[in-house]
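Model the following, please.
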Amino acid sequence: MVKCNTMQEVRREIDRLDRELVKLLAERQGYIEQAGHIKGERSAVRDDARIEDVVAKVVAEAERAGLSPAIAEPLWRLLIEKSIEHEYTVFDARAQKTGTD
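Got it, this is the predicted structure:
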């Protein structure tokens, strides 16, 4: 982490991190899209056990990294829900294209 002395420096670093986060989220979305193509049944898109596993891993990593669990957990739960919505869209488009459910 860079030591900042002005709000301009803080904002510059936050903007830099936001650009990096967008790249990482785009990469994550790519894997979500692959899952939407791989899963054989629409009911497989939402996996509650996997959701809880991901959240537990994220909260543990957040604690190690110094990120407040009060930020990490709700943020990842929202990310997961939006990812599931996107995966349903990908799955449904594939199913419509191939004529399968």
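
From here on, just use CA atoms for contacts and neighbour counts.
Will do.

what's the neighbour count on P69?
The number of residues packed near P69 is 15, by other Cα atoms under 10 Å.

just checking, it touches E63?
Yes: under the criterion of Cα atoms under 8 Å, P69 makes contact with E63 at 6.7 Å.

what's the host helix or strand of R94 packed up against?
In this structure, R94 is located in helix 69-98 according to DSSP states H and E. Applying 3 or more Cα pairs under 8 Å, 6 or more residues apart in numbering; DSSP states H and E, one finds that helix 69-98 contacts helix 7-38, helix 48-65.

what does the model give D101 for pLDDT?
D101 carries a pLDDT value of 61.

can you pull the pLDDT of E73?
Taking E73 on its own, its pLDDT is 98.

same thing with the one 3 residues further on?
The predicted local confidence for W76 comes out at a pLDDT of 98.

again with T6
T6 is given a pLDDT of 98.

residues contacting the closest residue to H37 other than its chain neighbours?
Counting by Cα to Cα, 6 or more residues apart in numbering, F91 is the residue found nearest to H37 once chain neighbours are left out, at 6.1 Å. By Cα atoms under 8 Å, 6 or more residues apart in numbering, F91 lies in contact with 36-37, 39, 42.

Could you tell me how far the most centrally placed residue in the chain is located from I51?
Among the residues of the chain, L79 comes closest to the average C-alpha position under Cα atoms, centre = their mean, at 4.4 Å. According to Cα to Cα, to the nearest Å, L79 and I51 sit 11 Å apart.

now do V10
For V10, the distance to I51 equals 33 Å [Cα to Cα].

Next: K97.
28 Å.

what's the answer for Q96, then?
Noted for Q96: a distance of 26 Å to I51, by Cα to Cα.

what ranges of the protein fall below the confidence cut-off?
100-101 (pLDDT under 70).

If anything else comes up later, I'll come back, but that's it for now.
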